[in-house]
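Colleague: below are the sequence and a predicted model for it; my questions follow.
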Amino acid sequence: MAGLNETPRAERLHIGIYGRRNNGKSSLINAITGQNISLVSDFAGTTTDPVYKSMELHGIGPVVFIDTAGFDDEGELGQMRVERTLDAVNKTDIAIVVLSDENILIKEEKMFKGLDIEIEKEWISNLKKAKVPYLVVINKIDKISDLNLEKATENISDELKIKPILTSAVDKKGVALIREELIRLLPEEYSMRSITGKIVKDGDTVLLVMPQDIQAPKGRLILPQVQTIRDLLDNKCLVLCATADTMESMISKLVSPPDLIITDSQIFGDVYAKKPKESRLTSFSVLFADFKGDIDYYRESVKAIENLTENSRVLIAEACTHAPLEEDIGRVKIPNRLKKKIGEGLTFDIVAGRDFPKDLSKYDLIIHCGGCMFNRKYVLSRIEAAKEQNIPMTNYGVVMAYLAGIIDKIDF
């Protein structure tokens with residue numbers, strides 16, 4: 001869990017480090033960050049599952065480094081590690097592909113042998129398919145002669161159509177240039193996205209209606225509520241908070257109705273019925289549907305509810321993993337409301353965390369949570385998978401607004 005003063009991991013730029021075993025990926029991360037955050041060893045395969053480490057990187061700000069297992073790992077267990085590394089691509093905002101002397105030298109003679117980068121080409125193809133910008137690094141240059149390095153640089157530039165950065169984690173050569181390139185490759189929207197910026201303006205009064213049920217442990221607000229409050233403050237709004245049973249009392253004490261009401265999707269209908277006519281309405285889940293995903297696709301996909309039958313199958317996807325709760329919106333409330341509308345024969349599969357089927361063909365609709373625990377890149381990768389397989393995918397909040405009959409009356 002992030003500390004009280006830390007940026008949540010899901011809102012940090014994710015930088016993935018990819019390469020073969022023993023190419024110096026972990027030591028390179030340590031050199032870039034100036035800290036020993038990754039385990040380093042001379043033995044191949046030290047890094048197994050991807051390791052996620054939150055850091056502050058000068059010139060960029062809060063980031064997460066993803067230290068991945070070597071993509072040339074072997075055996076049944078090694079293949080599982082490679083699968084985890086491949087999954088990390090879907091979370092990566094910028095990738096660093098690491099080569100080393102292993103790719104270019106005859107080890108015994110330390111002579112240039114030509115390039116051995118077919119597996120790197122395959123992984124770069126994966127990065128391009130996932131629309132991940134990348135840079136290529138030749139690491140461990142302290143072990144390569146100037147002449148061999150010159151030949152390798154020229155060959156890599158021709159083969160990969162990108163000029164590699166020459167680095168040595170030992171003496172930190174090239175590390176400053178990596179930082180410069182990371183800044184250059186920053187996604188255009190990085191640090192510019194706002195949870196509420198599209199629907200509020202400076203000075204707006206915003207009322208947050210937040211039920212304090214068993215999903216919000218005593219003494220805490222849930223993450224989307226905290227992030228939304230901070231975002232509203234950043235947008236110079238006047239922020240008020242109430243529970244569902246104190247909402248009307250709060251509004252009665254105001255000189256004028258709030259410009260916007262943000263509520264929990266589970267009580268959309270109740271809040272809509274009680275709100276002043278002048279006040280606009282949305283929910284935390286709807287805001288995160290846009291902040292993390294593709295709101296237009298969600299809004300179009302929710303119409304697929306009308307095509308569901310008792311023979312249909314729906315996938316419920318949660319970002320976080322927790323023990324099922326009797327009031328759970330994804331596991332209980334949405335299925336119950338859809339069954340009431342469609343019929344008891346409607347079938348639901350529920351996945352949590354990073355469990356998400358590759359083959360979505362058996363589903364007639366996917367309903368995803370707000371995704372507050374995922375970075376946007378990962379949510380968009382799931383949406384892209386759904387689009388490629390022609391499966392409609394929507395969001396908890398959009399579904400609840402649709403079922404409440406107010407989908408055309410809320411703010412997106």
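Modeller: Arrived safely. Numbers count the residues shown, from 1 in each chain.

Colleague: so where's the stretch 151-300 of the chain shaky on pLDDT?
Modeller: When residues are selected by pLDDT under 70, those of the stretch 151-300 of the chain lie in 191, 213-219.

Colleague: ranges for the helices of it?
Modeller: For the stretch 151-300 of the chain, the helices defined by DSSP state H, counting those that start in this stretch cover 175-184, 223-234, 247-252, 268-274, 284-292, 295-301.

Colleague: who does the longest one touch, helix- and strand-wise?
Modeller: Packing partners of helix 223-234 (3 or more CB pairs under 8 Å, 6 or more residues apart in numbering; DSSP states H and E): strand 205-209, strand 238-242, helix 284-292. The C-beta positions use only the backbone N, C-alpha and C, and glycine is treated the same way.

Colleague: got the buried residues for that helix?
Modeller: For helix 223-234, a neighbour-count test (16 or more other CB atoms under 10 Å) marks 223, 224, 225, 227, 228, 229, 231, 232 as buried.

Colleague: can you list the residues you listed in JSON lines and add distance to residue 32?
Modeller: Shown next, in JSON lines, are the buried residues of helix 223-234 (distance: CB to CB, whole Å):
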{"residue": "223", "distance to residue 32": "28"}
{"residue": "224", "distance to residue 32": "31"}
{"residue": "225", "distance to residue 32": "34"}
{"residue": "227", "distance to residue 32": "28"}
{"residue": "228", "distance to residue 32": "33"}
{"residue": "229", "distance to residue 32": "33"}
{"residue": "231", "distance to residue 32": "29"}
{"residue": "232", "distance to residue 32": "34"}
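
Colleague: residue 77: which of the helices and strands packed on helix 223-234 is closest?
Modeller: Closest to residue 77 of the helices and strands packed on helix 223-234 is helix 284-292 (CB to CB; 32.6 Å).

Colleague: now for the closest one, which elements pack on it?
Modeller: Applying 3+ CB pairs under 8 Å, 6+ apart, one finds that helix 284-292 contacts helix 223-234, strand 260-263, helix 295-301, helix 376-388, strand 393-395, helix 396-403.

Colleague: mind doing that once more with 10 Å?
Modeller: helix 223-234, strand 260-263, strand 280-283, helix 295-301, strand 365-368, helix 376-388, strand 393-395, helix 396-403 (3 or more CB pairs under 10 Å, 6 or more residues apart in numbering; DSSP states H and E).

Colleague: partners of the shortest one in the sheet?
Modeller: On the basis of DSSP bridges, the sheet neighbours of strand 393-395 come out as strand 365-368 (parallel).

Colleague: about what we covered before: any chance of the helices and strands packed on helix 223-234 in JSON lines with distance to residue 403 and mean neighbour count as columns?
Modeller: Compiled in JSON lines, the helices and strands packed on helix 223-234 are given as follows (distance: least, CB to CB, whole Å; neighbours: other CB atoms under 10 Å):
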{"stretch": "strand 205-209", "distance to residue 403": "18", "mean neighbour count": "24"}
{"stretch": "strand 238-242", "distance to residue 403": "24", "mean neighbour count": "16"}
{"stretch": "helix 284-292", "distance to residue 403": "13", "mean neighbour count": "26"}
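
Colleague: can I get the ones you listed in a markdown table including distance to residue 314?
Modeller: Shown next, in a markdown table, are these (distance: least, CB to CB, whole Å):
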| stretch | distance to residue 314 |
| --- | --- |
| strand 205-209 | 28 |
| strand 238-242 | 33 |
| helix 284-292 | 17 |
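
Colleague: of all those, which lies closest to residue 133?
Modeller: Nearest to residue 133, of the helices and strands packed on helix 223-234 and by CB to CB, is helix 284-292 at 19.6 Å.

Colleague: next, the angle from that closest one to strand 205-209.
Modeller: For helix 284-292 against strand 205-209, the angle by axes from the mean of the first three to the mean of the last three CA atoms, to 10 degrees is 120 degrees.

Colleague: if we can go back for a sec, nearest to residue 56, out of the helices of the stretch 151-300 of the chain?
Modeller: Per CB to CB, nearest to residue 56 of the helices of the stretch 151-300 of the chain: helix 175-184, 12.4 Å.

Colleague: which residue comes closest to residue 160 once chain neighbours are left out?
Modeller: Spatial nearest neighbour of residue 160, excluding adjacent residues (CB to CB, 6 or more residues apart in numbering): residue 136 at 6.0 Å.

Colleague: the one you found: which element?
Modeller: strand 134-138 (DSSP states H and E).

Colleague: about what we covered before: next one, pLDDT for the residue nearest to residue 160 please.
Modeller: In this model, residue 136 is scored at 97, pLDDT.

Colleague: from residue 17, how far out is it?
Modeller: Distance of residue 136 to residue 17, given as CB to CB, to the nearest Å: 12 Å.

Colleague: do the same with residue 157
Modeller: With CB to CB as the criterion, residue 157 and residue 17 are 21 Å apart.
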